[in-house]
Each structure stands twice: as C-alpha cells, then as structure tokens.
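sequence unknown, structure follows:
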C-alpha cells in the first residue's frame, strides 16, 4: 500500500465520520425549517418556528442563561482541572490512586442521583438554590472530564524539558507557564470544550437547583415531557450551533491550539 | 442529616424575606404546558389582581413531592394528581384550603368536591381542577370503524404498530381493565402480567410524551396507542387522523387538583389564582386550544356543544364507564413497578 | 519521581490540587456520601419515625434477577459502544494528528466537538427521524441505490448503539488525538528511513505511545454508557430497558431512594471492578 493511498483513504474516513457526526445536526437544522409541528416528512419550507422562537422570551432567556452558565463553568472547571492534572502528573504521593479513582463516581453515577443528592445536601448546609448553586454543581460534574482529558495529554509530556529549564534556573511558575502550559494547550482546549458541552446539556442540576422562573434551555426541553417540544427548540438549537461555529472558526483562524510544533 | 431540619431553617429565612401583600409574585409548580402557564391567562390574571406568576416544572409526581419536601417556602400553588394528594396532606406538605374564599368553588359538583382523596380529616386540601381519561386512541386511517373493545391493543392485525406509555401504574391498570378486574384492587396479578406479557410483542415502542405520541402517529409508525383524552382532542385539533376510544371495558379516570403548599407565604394570592384557574372564563378559552375536562360543572356547561369535553366526556353513557383512580400505597406501587420492570427486562 | 516530596513541592501540590478536590468534595463527594448512607437504611430518615440500618437494599439486587440481567445487558452495551468508538475514532484521530496540518486541523479539531453543543434530547430525536421507517436515511438510500431498501432500524438495539456511539465518539477522537499529536514526527521519519512499514510504525510506535490517550477516551465512553437510559428509551423502543432505567424508576416512578441509591452504588462498584480488571491487561499490552 502506498502512503498516498493511505493518506487518501484516511481523509475519506475522516470525512465519513464528520458526515456521521453532523447527520443528526443537519436533520435538527432542517426540521427547524419544516412547517410540520410533528417533524413530518415530506419537507415543507417555513420560517414559522423562527418567528415563534423570536417572540418567545422564555426560550430566549433560557438559552442565554444556559450559555452564560456554561461559559462560567468552562472557565472555572478548566482552570481548576488543569491545575489538578498538573499536580497529579508531576508529583508522587500517597493516596494519588485514590484521588484518581474518585474522578469516576461523578461520571458513573447517573446525574439524576447526583443531582438529587446535591439538592438535599445544599439545602441542609444552607447553600440553597440559585445560580451560584447551579454553577457549583456544573463545575463539579465537568471537572472529571477536564482532568481526564488534560491528563491524557500530559501522559506524553517529556519531563526532561521541565528539568532542563529548571536546571537553567527557571522557577516553578516560569516552568509551568513557559513549558508545561504551551505543551498541554490542546488538552486544555479539548477539556474546555468538553466542560462546555457537559454544562450546556446538564439538565438535572439546573432543574433541582435553579430558582423557579430561572430556567435553562435543557430544563425547558426536558420538562416538556408531557406536551413535548416543538421545532422552536430546533430553531434555537440551530441558531446556537451556527453562532458557536462562527466563534470557533474565528478562534481557529487567529490562534493555535492544535499543538503544531 | 435529616430532612426535617431543613424546613425549620428555610421557613425562618422565608419569614424574614416575605414581602408585601398587594402585588405578590406567586410560584406555581406544575407540568410544563399544562394550563397554568398560558401567557394570555397570566396577563389577564395580573390585570385583574396585580399578582404575577412564575413557574417551576416537574417531570414526575415523585419529583413534585421531592421539590415540596426540600423547598419549603418556594411554591404557592401546586398541581397534584388527586392520587397523590392524601400523601402530600399526610406529610404536611400542603395546607387546608378555605373554599369560602374561592367564588368559583360552588360550581364544582359534590362528586368531585367531596372526593375523599382531596379531603383529609374533614378539611379540603385540594381543589378539583381538571379530569380526564386514560384509554386509547386509534389512527382513523387504519380502522374502518372504531373498535368497541380494549382487545384492539392485542389484535394481531396491528402487531408491531401498538404503543403504550412506559408507566408501571398505567400498564397495570390497562391490564386490569382488559382482564375484567377492578383497577383499584387488582386481585389476580398473574392474570394482569400474563395479559401484559402478551401485549409486549404487539408494541412498536413505549411513548413518554404527547410530543413523541404525535410524532410516531404522524410518521405512520402506530395504529393504536394508549392516550389521554385531552391530548387526543388536542392532537385531532392539530390535524392528526386520530380518534379517542372509550371501550366497553371502561377507561381509567384521573382527577387533578390544585393545592397550596403549607409553607406558602402568599396564600391569599394563591387562592385567587386557584379561583381564576377553575373559573369558566379561563376554561372556555383554554379548551379551544385543547384542554382536559373541567371539574367545574359551570365551566363545562359554558363550552360550545361540539367541544370534545362536552360532547364525549359530558355523555352520561361514557361517564358510566369511567373507573376513577383511588389513592395507592407505596407498597402496591413498588409491586407494580417490580412486575413492570420484569416484563420490560424480558424483552 | 518516587522520591519524597520537598516541603516546597508539597506546598505546590496543595495549591494545585486542593481547589479542584475541595470543589468536588463539596458538590459531589459529600452529597454522594449522603446517598451512600441512604442506601443502607430501610426508609428515608426524617420521613418516618423508625428507620433501621440494613443491607436489604443491596440484598434486593441478589433477590430480584431482573437487576442482574439488566446489569449484564448494560455492560454488553457499554463494551460494544466502547469498542466501536475505538475502531471508528482512533483512525480518525490518526488522520487528524498525522495527515492534516495547520488551520484545517484546528478547524476540524473544533468541528468534532461542536455537535455536542446542542441538546442531547433534541439530538436523539433527530436520530429517530433519521432512522425511522420512511425516514431520512431510508429515503436517502433509496434515492442513491438502484434497488429498494427497507431499514427497520428504529426501536432496535442497533439504533441504541448508533445513538450512543454518536454521543460518545468525540471523547475517543479528541483524547487519542491529544496523545497521537504528541508523538514526534522525527521519530516516525526515523523509523520510516530504517525501512519500517506504515503498519509497523502504527503498531510499534504510534499505538503504544498514544495508549494513555486512547484509554482515557475509552473510559470516558464506557463509564457513562453503563448507566445510560435516555438514548435506550427513545431509540430502543421496547428493547430499551437497561440498568440505568431501573435506577431512574426508583426516583421517578416510586419514592424509593434507598433502593435507587443502592443500585447506583452497585453500578459504581461494577464499573470500578471492570476498570481494575482491565488495567493489568492493558498495562501488559503496553509493554
């Protein structure tokens, strides 16, 4: 097999996977322009769901609140998670394995149970409910994803680089800032992207811990369990994905985080 | 750590922050999209009384109770299926209601008003609001004439095109109807589980919301599926070819009431809101968009004659076939769930 | 690295590690400890006057065969989904890390995760529209293929697997990418100049060096899929009952937190045992 053939088939594969990843997103977007409230085919073009969405202040507010909470969560979880990953990678200490294993309960135990547990505890210790409590919960659920992702990147870090820098007199902070962080940047970016996804889709915690009236988008969607949702939800989701895509392409255009050496 | 210590602390906090009495913000706990949260109605209510309304939603009755238990002071009106009202009253989650302050209460017939589920120790804990039926609906394109019997769900000619809701209690009660038993006192559980086991191969899927029901029906996936009366009239109103059937075996009747949480700090405004919710003015307009039947006879009488809730659910012959749900103990509920899970896991 | 920590290092360790774990303790570990306690009592303390410490909630798992059979079903599902994610995602990460360069790579990196910035329920319902009879996929295939195909995918286990692979694939792709991209191109060029074939390079260099990333991804897939119930319910139809479903029921259909909590901790224990059993095997494979 020639390398050219391998490269070509590899790119075809990557293309197919992107098609797979975007298939439901494309359907979601298409249905936001379909007149049928029951997602019925054949397709009949209409912008009625966008008009309804624009007039529905509840959906817009919920979407905005979700984005804000997800942004705050991403920043905090990424910062704390990256620091913890570096510590777990760099130092050997008793109990390290336990700390690593403790990352699994929040991932393994269904969020419904964790959310219910948070509700009870937050009330008994007086944190109560509200946006701070929601963010407290979101960050905690996003942290394990950040730590696992950043650690995956760190595992391939060449420690001799740090040692070389240190032997040349650099202090710890300088080493972290100038050597470690640039190296793990792709891991941090991936961790942040996951953290955003976790928070943005997190229903249970917001559902139990947000103030009545302060709904987020997932809460709005999941509580529609009786009547269900209309393609308005597709419209707002399509809008959000389109905006994120624009932001991301700008980010890709002006910064380097893919790890090009 | 006990749950009992929670209320005292939070009530103290709430007492400190409780505001003025004239223009209150009342907080309603209900299913989403279930009558209390309609924009025009809230605007009309605000104009009439000055009170604004915010909502919080629940996804299951158990979650509603959990929210009441853990969030003292957070809600002023709660919608409770009458089956759960005795439990909420016994746990002290909801307060007695002064019905003399509710002008529209007089329109509620004794059959609902004196329902023992809503009355506890001689006091009213829930105001009857809406009622409806759980039975099944058919795709009218697949049937020449509506079936007379619940056996339609078991009819082999619809194999793989049937759906029921993924709910243990509802499944057992459907099974009870089909085996000729009392839905509130199932004596022969084996017959019910055997009947449901025979239903399983008929099923295309379980439905969980009106939305998936409508989608599956619209996509032509289903011929016959269990459904709620109010939802069926709404689906038909939206142009789906569906008809609701009340078979000769009968149908399950449910009653939803409005209650006031014991820890509510705006009880007066809450009472006013309940009065507005059960009144004919609100109901007639709500029914035009698809509503369950009103428990208020005056509101029901105000409907146009062709309205589903008057034409079908007002028909004494249909009413005679309704078996209303009684309160249900935790043990029975757990036993139903266990049987239902075993049936589903065997698939 | 195994040497004892200097006091200065210990201070740094505390500064780096404490915020994250303190946060986790307050928001996850303490609440879950309360749940762990509930799993050992007969009734919810506070609701009733009399409650006892008991093992009966755990005994329930042994008494009722439904739970064990669903646990096995969920484990099989999680293995299938994890293996498919690896087989599909790893080559994808390889191409992204070693064959695409520059801005394109940056953009593709982001595009892999972007679909997950939408709501999972909306995504799953969109899959239902794709997979159902007379749905998008069937229509598309029939438009392209000369013969008629009838897909009966929706409401089958296959549909559940497709939906779950879709939901979790980005974890494997991105974590594998992070590790693969770290492998120096010089190392690969050197191997190639010594006559190593592409397969040898993959097997002897890339795979061993990127294993930590691949494993991290696999864990992020396997662990949540064992407890999943949303995707199975919507895409699996009457086949969609899994272990996560029965846990959810204890909180949603009945008020039995003690049993629900016990079932959750059994799930956690099983997951940890599987991970512990897998780790020596994988460590051996690495060397």
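Noted; the coordinates are in hand. Just so it is clear, the model here is predicted, and its values are computed rather than measured.

so where's the stretch 151-261 of chain A uncertain?
Residues of the stretch 151-261 of chain A meeting the criterion pLDDT under 70: A:225-228, A:256-261.

What segments of it are strands?
Shown for the stretch 151-261 of chain A, no strands are assigned by DSSP state E, counting those that start in this stretch.

give the contact list for the residue in the stretch 101-250 of chain B that chain C sits nearest to.
Among the residues of the stretch 101-250 of chain B, residue B:205 lies nearest to chain C; the distance is 3.4 Å by C-beta to the nearest C-beta. From N, CA and C alone the C-beta is placed, and that goes for glycine too. Residues in contact with residue B:205 (C-beta atoms under 8 Å, 6 or more residues apart in numbering or on different chains) are B:163, B:216, B:221, C:155, C:237, C:238, C:240.

how about a cut-off of 10 Å?
B:160, B:162-164, B:166, B:212, B:216, B:221-222, B:225, C:128, C:154-155, C:233-240 (C-beta atoms under 10 Å, 6 or more residues apart in numbering or on different chains).

per-residue confidence at residue 101?
If you meant another chain, say so; for now it's chain A. Note for residue A:101: predicted pLDDT of 89.

that's the wrong chain, I meant chain C
Reading off the model, residue C:101 has pLDDT 82.

got a list of what residue B:130 touches?
Counted by C-beta under 10 Å, 6+ apart, residue B:130 has contacts B:34-35, B:79, B:230, B:254-258, B:277-278, B:283, B:286, B:291-296, B:299, B:309.

What count of nearby residues applies to residue A:102?
16 (other C-beta atoms under 10 Å in any protein chain shown).

Return the distance of it relative to chain C.
Going from residue A:102 to chain C by C-beta to the nearest C-beta, to the nearest Å gives 7 Å.

Tell me the spacing between that residue and residue C:272.
11 Å (C-beta to C-beta, to the nearest Å).

likewise residue A:222?
Distance from residue A:222 to residue C:272, by C-beta to C-beta: 29 Å.

ok, now residue B:130?
With distances taken as C-beta to C-beta, residue B:130 is found 48 Å from residue C:272.

got it, and residue B:260?
Look at residue B:260 and residue C:272: by C-beta to C-beta, they are 46 Å apart.

Same drill for the two, tell me which one is more crowded.
Between residue B:260 and residue C:272, counting by other C-beta under 10 Å, residue B:260 is the more crowded of the two (26 against 15).

which SS state does the more buried one fall under?
Following DSSP: H, G, I helix; E, B strand; the rest coil, residue B:260 is assigned to strand.

What distance do you get for it to chain C?
21 Å.

any idea of the pLDDT on that residue?
97.

Which residues does it form beta bridges with?
On the basis of DSSP bridges, residue B:260 is bridged to residue B:95.

residues near residue 233, how many?
I'll assume chain A. Neighbours around residue A:233, by other C-beta under 10 Å: 27.

That was the other one, I meant chain C.
22.

same question, the one 5 residues further on
Using other C-beta under 10 Å, residue C:238 has 20 neighbouring residues.
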